[in-house]
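Trainee: sequence plus the predicted model coming up.
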Amino acid sequence: MTMTGGHHDAHHEDFQLKDTNPLLGEQWPKGAAAVPARPGGGIAGWLGMEKPSSTYDLVEQMFFLYVRVVKAKDLPPNPITGAAMDPYVEVKLGNYKGTTKHYDRRANPEWDQVFAFSKSRVQSNVLEVYLKDKEMLGRDDYVGKVVFDLAEVPTRVPPDSPLAPQWYRLEDRRGEGGKVRGELMLAVWIGTQADEAFPEAWHSDAATVRGEGVASVRSKAYVSPKLWYLRVNVIEAQDVQPQARGRAPEVFVKAQVGNQILKTSVVAAPTLNPRWNEDLVFVVAEPFEEQLVLTVEDRVTPRKDDLLGRAALPLTLFEKRLDHRPFVQSRWFDLEKFGIGGAIEGETRRELRFASRVHVRACLEGAYHVMDESTMYISDTRPTARQLWKPPVGVLEVGILSAAGLQPMKNRDGRGTTDAYCVAKYGQKWVRTRTMLGTFGPTWNEQYTWEVFDPCTVITIGVFDNNHLGNGGNGNGNNGGGAPPARDARIGKIRIRLSTLETDRVYTHAYPLIVLQPSGVKKMGELRLAVRFTCLSLMNMVHLYTQPLLPRMHYLHPFTVTQLDALRYQAMGIGAARPVVEYMLDVESHMWSMRRSKANFFRAVSLFSGAAAAARWFNDVCHWKNVATTALVHILLLILVWYPELILPTVFLYMFLIGLWNYRRRPRHPPHMDTKMSWAEAVHPDELDEEFDTFPTSRQQDVVYMRLLMNVHQILRMKGFSLQLCQWVASFIQGGHVAIKVNDQIGPNFQTKKGLRQEAKVNENFYSNLFGCKLGNLPMRYLGIPMHLRKLRNSDWKHIEERMERKLSSWKGKLLSVGLRASFSFDDLGGNWLSGKSVEIKNLMLIGASAICWALWLSRNKVLFRTTYLLRWWAILQKHEENKETISIACQKLKILAMQVFGHFG
């Protein structure tokens, strides 16, 4: 990805935060002029006095005409059938129409439904409310109407009391003062988005949405269920009788809670009372409606397990532990024979239940914080038990104003369109704005508030395209008539770390929505927000910086990394709307990619760049590169030697001056995603294609083959080998001597049956004597290549070569095959993740070095063979400090021998 300098700078500038100046706060219809909001929550009124305002002071005020249809009474019967009518109400304002649901044969129906019409789109001065009778065939019958003049509608702004509904007599069709039988209870007022009726109201902006899609366009605020860790300590079982007589049972316990299944290890001892004493941890949610099902099973064959007993235990049976000190009592639970427990009654069933039982210690851990999101972007650190919560230290207020420049996400009526909504997540509280239909610049102006218990947390706000609008609004032209609705498309998301915000300051910025796609980094639009963090207790907030991030139990009795990853997936799966939740919780943050590895590497380089610069400066001082600087350093050193009591004051003064100097250049804006630091701009297209590849790979074999060559080339270059050698290795593997197999698809060279075959499996390692791992059927073992660190004498080489001569004499072909599977690949030599999701080789360096070894052995060149042997061991020995002398000798011999054979090599 190459760009010219000017275009690259302009492109990067487009990914930066932009200041906005929206008109926030109250805008009163009459009286005081509109002024910006004050931090205290009020607005400046006349003569400097403060006028009380609503809590919506971080958004631009929007006015709506609200109509609450409560109920009707004394309705006339159907003139044809004489029975009660099927009434419903239609609210009409200009070209907008909203209808309530209809009731079958009701004379006194009740609806209690609210309609909201945006005042900025009002095209009429009259509001008409019709009462109609639903007809199965033909047009609906007109019953009566109520007409309102908008100039006489009152204005209501919270915290004013809600407007009480009133009874209105129905008028006839002509509207000339003639009354008809029946009355409607209505309330009509002009309000703002701060009104209590706003979230549940029918909006004129979504007038085309019908049926079940109406619920998906409304704004919502909901709290995720409280999650607990369930710790089950399986101690032992008693009197376990295997079904097959005459064999020692291989018993294990399987525990299941919902869709979570964990197993203990298999006890293969000849005993009927196996013992495990293993912990199994689950994630459960209140109100604990599920059961813990324990089954004791016998491993008969690797593919067959016999059920020996079962116990179903309600979660409410277990006590809640709020600290590590209380001791949880263990309990014995009787096991029932699986499948016959409900068919046997009386004494027989009691005998079976007494026959086997399991010893368990289980409790609900309330002192942990259940991790459902990445620790890097955590939004809540409180433990599960409310008794352990500390008071909040602040309040976070976020005004979701609008978006601009959104990209079309689907087709409707032959043109691109977007139905955007926002989701914000902080702590246990999730909020969702209403959906704005068919616009690339939606305006929400909705404000939400969260309590803050720790400023070292992050709020996440995502923008999505709604694909669940029902028949009336689902305009995805790609879907067939009967096809299920697609998932809500991801437009982008942003994160704001609260510790980077100044307290009691309103931040108004336009945040770019940046996403990484297979084609590269792309800006999907801008999200405009107003954010304010208010501190309630400065002392408590400062005290939090002296405490660890997570609750104490995470450090006293920590979980393993594998456990945390598994528990995080289980906690995330409990939430609803899985695609949206996965994106908000950043479920793919742990996935490896070459781009992320480069970003992390250069971040580490940047971290230690200060130390490297200090070392260079010290070296320049020692070598008198700058005479004035060296002289000043010597003078300062002499002063400190003569007056050692000035050392600490000098250090603190220096730190103070540096902090004061850097304070002037402190960042004024919240940090945002840096496309340069994340290597999103400079990433190679092949690396992006590999990052977005599925697992297992969905790419063609030749693509995976080329990635293998690139990885081998990169590994050899990272090990310090010359470019000419790397190219030679790549050309050798690309030739007819090496073949690959991807996802069990046989490559062209695999069709021949000749030659040595190397299957690079996941659980095999070629460090046989070094780490005690088995080599399997690797050609290393077949050829008798020594796999140890012991130094070889000259006489040893003769025996090794003679043994390889005998092995190779029976080798008829000259083909080296390498078996691969699509998975993660791990470089055992460097200890680095190399190729995410495309190629699985236990060691790509082994492939290149072994290929050279075998190819050169075919040429019967002993000198070259020893050269490549040293070449391979150079990479292995450089990890061990005690072998520095061997490494130095190997490098010298390698360079001399390589220069003799290959010429200009290194």
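Mentor: Sure, I can see it. Residues are numbered from 1 along each chain as shown.
Trainee: to what extent is the nearest residue in space to A151 that is not next to it in sequence buried, counted in neighbours?
Mentor: With sequence-adjacent residues excluded and distances taken as CB to CB, 6 or more residues apart in numbering, A151 is closest to N125, at 6.9 Å. (C-beta placed from N, C-alpha, C; glycine too.) Using other CB atoms under 10 Å, N125 has 11 neighbouring residues.
Trainee: distance check, N125 against L150.
Mentor: N125 is 5 Å from L150, where distance means CB to CB, to the nearest Å.
Trainee: give me the contact list for stretch 457-464.
Mentor: With contacts defined as CB atoms under 8 Å, 6 or more residues apart in numbering, stretch 457-464 is touched by 377-381, 396, 398, 400, 403, 406, 420-427, 450, 488-499, 513, 524-525, 527, 529, 580, 583-584, 586.
Trainee: quick one, which of those are buried?
Mentor: By neighbour count, with 16 or more other CB atoms under 10 Å, these hold 377-381, 396, 398, 400, 403, 406, 420-427, 450, 488-496, 498, 513, 524-525, 527, 529, 580, 583-584, 586 as buried.
Trainee: now do the strands in the stretch 401-550 of the chain.
Mentor: For the stretch 401-550 of the chain, the strands defined by DSSP state E, counting those that start in this stretch cover 410-412, 415-417, 420-426, 429-432, 443-452, 458-465, 489-497, 506-517, 520-535.
Trainee: and the fifth one, what does it pack onto?
Mentor: With contacts defined as 3 or more CB pairs under 8 Å, 6 or more residues apart in numbering; DSSP states H and E, the packing partners of strand 443-452 are strand 394-404, strand 420-426.
Trainee: if we go by neighbour counts, what in that strand is buried?
Mentor: Of all the residues in strand 443-452, those buried under the rule 16+ other CB under 10 Å are 443-450, 452.
Trainee: picking that back up, mean pLDDT and distance to D239 added to the strands of the stretch 401-550 of the chain, as TSV?
Mentor: Converted to TSV, those look like this (pLDDT from 0 to 100; distance: least, CB to CB, whole Å):
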stretch	mean pLDDT	distance to D239
strand 410-412	86	63
strand 415-417	89	68
strand 420-426	93	50
strand 429-432	92	49
strand 443-452	93	53
strand 458-465	93	53
strand 489-497	91	55
strand 506-517	90	58
strand 520-535	91	61
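Trainee: L544: which of those is closest?
Mentor: strand 443-452 (10.1 Å; CB to CB).
Trainee: who touches the closest one?
Mentor: With CB under 8 Å, 6+ apart, strand 443-452 has contacts from 55-62, 193-194, 219, 221, 392-402, 422, 424, 426-427, 429, 431, 433-434, 436, 459, 498, 533.
Trainee: you'd agree H102 is up against P87?
Mentor: Yes - the pair H102 / P87 is scored as a contact, 6.5 Å apart, by CB atoms under 8 Å.
Trainee: still on that earlier bit, now the buried members of the contacts of strand 443-452.
Mentor: Among these, the ones that count as buried by 16+ other CB under 10 Å are 56-62, 193-194, 219, 392-394, 396-402, 422, 424, 426-427, 429, 431, 433-434, 436, 459, 498, 533.
Trainee: quick one: contacts for V91?
Mentor: Contacts for V91 (CB under 8 Å, 6+ apart) come out as 67, 69, 97-99, 115, 127-130.
Trainee: how about 10 Å then?
Mentor: If you count contacts by CB atoms under 10 Å, 6 or more residues apart in numbering, V91 has them with 65, 67, 69, 97-100, 113-115, 117, 127-130, 146, 186, 188, 202, 204.
Trainee: ChimeraX command to pick out the buried ones of those?
Mentor: Per 16+ other CB under 10 Å, the buried members of these correspond to this ChimeraX selection:
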select :65,67,69,98,99,100,113,114,115,117,127,128,129,130,146,186,188,202,204
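Trainee: sorry, back to before: turn the strands of the stretch 401-550 of the chain into JSON lines, columns for distance to P162.
Mentor: Output for the strands of the stretch 401-550 of the chain, formatted as JSON lines (distance: least, CB to CB, whole Å):
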{"stretch": "strand 410-412", "distance to P162": "38"}
{"stretch": "strand 415-417", "distance to P162": "36"}
{"stretch": "strand 420-426", "distance to P162": "27"}
{"stretch": "strand 429-432", "distance to P162": "23"}
{"stretch": "strand 443-452", "distance to P162": "19"}
{"stretch": "strand 458-465", "distance to P162": "30"}
{"stretch": "strand 489-497", "distance to P162": "34"}
{"stretch": "strand 506-517", "distance to P162": "29"}
{"stretch": "strand 520-535", "distance to P162": "27"}
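Trainee: right, and those - which one's nearest L364?
Mentor: It's strand 429-432; of these, that one is closest to L364 (CB to CB) at 22.7 Å.
Trainee: which residues are contacting that closest one?
Mentor: By CB under 10 Å, 6+ apart, the surrounding residues in contact with strand 429-432 are 199, 216-224, 379-380, 398, 400, 421-425, 446-451, 461-462, 464, 575-577, 580-581, 584.
Trainee: who does that strand pair up with?
Mentor: Strand 429-432 has the following strand partners under DSSP bridges: strand 220-223 (antiparallel), strand 420-426 (antiparallel).
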